[in-house]
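pasting the sequence and the predicted model now:
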Amino acid sequence: MIQKKICMIGDFSVGKTCTVARFVRQTFSDKYLTTVGVKIDTKILQWPNDAEVKLILWDIAGNDKLTTASTSYLRGAAGYLLVVDGTRLPTWESAKRLHTEVTRQIGDKPFLVLLNKADLKEQWEIKQADVDPQLKQGWKMLKTSAKTGENVEKAFEVLGRMLIG
Amino acid sequence: MQHIPLSIAKYIRSLWMSELILTFFHVNKQGILVEWGGHPRHYGLPTPITGQSASEQISFLEGAIPAEHTQILEFVGVGNEKVAHVHLIPFENGTWILLFDASAEHDRQQQIQQQYNELSVQSYRQTQLLQGLETARQQLEIEKIKLEQSAQTKSRFIASLSHELRAPLTSIVGYTHLLDEAEKAEEQESSYLNSVKQNAGYLLNLIDNVLEQTRSETQQVTIHPINCKIKNTLEDLKSLFFPMAKEKQLDFKLESAAEIPEQLLLDELRLRQVLINLMSNALKFTEHGFVSLSLSWQANRLSFQVEDTGPGISKEGQAKIFDAFHREKSTQHVQGVGLGLAISRQLIELMDGELRLESELGKGSLFSADIYAPAGQNTSQILSSSPTTLLDSADNSRYTILLAEDNLGIRTLLKLYLDEGGYQVLLAENGEQAVQIALQHQPHAILMDLQMPILDGFAATYELRQQGFTAPIIALSASALSQDRQEALQAGCSLYLMKPLDAEYLWLNLHNILNPSAD
Ligand SMILES: Nc1nc2c(ncn2[C@@H]2O[C@H](COP(=O)(O)OP(=O)(O)OP(=O)(O)O)[C@@H](O)[C@H]2O)c(=O)[nH]1
Ligand SMILES: [Mg+2]
């Protein structure tokens, strides 16, 4: 079976762990339990032609920049999800910085930006104008919510397709 | 470990090893698991099978082997089981993988990190909230300024509109009045005249209502001096407050000095409003002793004092007591002070006075002021008799009055009034002419319209005062704005009269200003 290592990257408390929990176990909790180090989960994706892909998800502790510890987790990643908290604009700045640092470490890899917490519309801080420059560069983005499940499944499918082509 | 027996050392070693719970895997260069030991299940891994792909069994090895150099992955957790530090060590083309339990350290770090992260998110939210509030506050401030500006523009607009409307109306009213008095009109004509007069009067009232409306909207109050008998006012106040004083068993004194003229020219309604406010406060707060009101008069000014032996007002309280809505602490159990004092002070200022307060805690309070209130004339007499009999017009012919007014209608009307009053009249059509004529002929007084072309009344007055002209200058204006009144007085005007003027009112004021010692 094909296996792909995928990293969850983003500032702290943006919803990386929750997104994985929603995707792998269909669960969500409002309580915040910060990740230290890395948590590893797996999930098998079914492709239409009956092929299966095993995704190995590395849910890495959040930070606004890469640390030595988190750098060592990146090795062998096929692609990554860059997670942003839509209700905190600075986490988008972190995401852009992290993208640069990750690219320097492991080269250009397929990635997808998740603008998470889409359910919190009234607290939303990230405007179209904030993301337009990156969209023009060809970045792919999805608005997701680990709470409602909106676009979570889709996010992994889209990234999976980018990895397998 | 020389002096520790071997069996004890072995025991310690086994304890130490089990504490670390060492688990290891050996993977060859093809990625096949060759050998393993320890407790993979402890870390949430399945029991491995040698001879098969290592990364298919141990998921986190995907992409990590073969290791090129020694590498440590800190705090790796699989599922919800124990957390390990994972060491990847290259050895003879293959890789050795060692797992050391790091759960305790993980939990400690987790607690610290958790606190830090939660605090960061919280403080970010707070900052955003504060910023939001600040933005909202600034927005409100801008809105407020805009509203104030538009209210000001509106009241300015209406004031100038009223000027436009009043000026022609004034002359209509004046002419009909004069024609009426001339008694030359035929009966038919006089009835037509009457209805013109009535309608003009009605229009004038309408305009006044509109003005009053805008004034109350922009918090502006104006003063309308009339002839009044101050003794009557005092009588009214006495009958109003006497019962209350009696009920509280307070000594209640009303004193008016003998030198007060019977008739005074002042806004009796507004003065009454102020006195009622001060006296009712005094009576409310005073429990023992006395409350008194005393009046005196000197040099065209009426002084009053309202004194009580109430609780008094602290120094800090005195500084704030005239602010709108302020209420002194010790008086909080009593309803409805605050706004009244602010308004009273404003009214007194409009009457060219200042409301003062002296007070000592525990002793009592004394409110006092003096206002402009020249001696008046008996109104009924004026109305029933020709002015020449009342004010000696032969006497008035000693006086030359310069009338500066651009509006032909009003100029003619006022000239008629002045002629009737027996004055010598000089005319000017604008401020520049007024300055020139005044300096050349040195009139005894000037009637100065404020809104004139070339040089307006403010500027002309200022210019004359600069040139050493000392005779009285009476400002004439249709503007009811207290700011205009203030500016006129600052420019050097002696008196500010509002149009439309009737003949009696003009004569009275001229008489008073030209004979300052008369009462
Ligand atoms: N409303 C809402 N809350 C979410 C969503 N996703 C995550 N959260 C909440 O956000 C907080 C952080 O979520 P986590 O998934 O633990 O965030 P993380 O990115 O893993 O954080 P670190 O492990 O510290 O890097 C938790 O309180 C979640 O309940 C979402 O889509 N909607
Ligand atoms: Mg997490």
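Great, that's in hand. Ligands and ions are numbered 1, 2, ... in the order given.

for the stretch 1-150 of chain B, which residues are neighbours of chain A?
Residues of the stretch 1-150 of chain B found near chain A (CB under 8 Å from any CB of the partner chain) are B:55-56, B:59-60, B:62-64, B:71-79, B:83, B:106, B:109-110, B:113-114, B:117-118, B:120-121, B:124, B:128. From N, CA and C alone the C-beta is placed, and that goes for glycine too.

just the buried ones out of those residues, please.
Among the residues of the stretch 1-150 of chain B next to chain A, the ones that count as buried by 16 or more other CB atoms under 10 Å in any protein chain shown are B:55, B:59-60, B:62-64, B:73-78, B:83, B:106, B:109-110, B:113-114, B:117, B:120-121, B:124.

the lowest-mean-pLDDT helix or strand in chain A packs against which elements?
Every helix and strand of chain A was ranked by mean pLDDT, DSSP states H and E. The lowest is helix A:68-73, at a mean of 88. Using 3 or more CB pairs under 8 Å, 6 or more residues apart in numbering or on different chains; DSSP states H and E, the elements in contact with helix A:68-73 are strand A:52-60, strand B:71-78.

can you name the next helix or strand after it?
Sequence order places strand A:79-85 as the next helix or strand after helix A:68-73, per DSSP states H and E.

pull up the gap between the residue of chain A found nearest ligand 1 and B:Pro66, please.
Closest residue of chain A to ligand 1, CB to the nearest ligand atom: A:Gly62 (2.3 Å). For A:Gly62, the distance to B:Pro66 equals 30 Å [CB to CB, to the nearest Å].

looking at these two, which is more packed in?
Applying other CB atoms under 10 Å in any protein chain shown to A:Gly62 and B:Pro66 shows that A:Gly62 carries more neighbours, namely 25 against 16.

residues contacting the more buried one?
By CB atoms under 8 Å, 6 or more residues apart in numbering or on different chains, the contact list for A:Gly62 reads A:10-14, A:16, A:34-35, B:117.

so of the residues you listed, which ones are in helices?
Among the contacts of A:Gly62, the residues falling in helices (DSSP state H) are A:16, B:117.

the contacts of A:Gly62 into a markdown table, with extra columns for pLDDT?
A markdown table is the format used below for the contacts of A:Gly62 (pLDDT from 0 to 100):
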| residue | pLDDT |
| --- | --- |
| A:Gly10 | 97 |
| A:Asp11 | 97 |
| A:Phe12 | 96 |
| A:Ser13 | 97 |
| A:Val14 | 97 |
| A:Lys16 | 98 |
| A:Thr34 | 96 |
| A:Thr35 | 96 |
| B:Asn117 | 94 |
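
which of the contacts of A:Gly62 are buried?
By neighbour count, with 16+ other CB under 10 Å, the contacts of A:Gly62 hold A:10-14, A:16, A:34-35, B:117 as buried.

on that earlier part again, how about the least confident helix or strand of chain A: buried residues?
In terms of neighbour count (16+ other CB under 10 Å), helix A:68-73 has its buried residues at A:69-70, A:72-73.

on that earlier part again, near ligand 1, from the residues of the stretch 1-150 of chain B next to chain A?
The residues of these that also fall near ligand 1, by CB under 6 Å from any ligand atom, are B:Asn117.

ok, and the closest non-adjacent residue to the residue of chain A closest to ligand 1?
Closest residue to A:Gly62 apart from its sequence neighbours, by CB to CB, 6 or more residues apart in numbering or on different chains: A:Phe12 at 3.3 Å.
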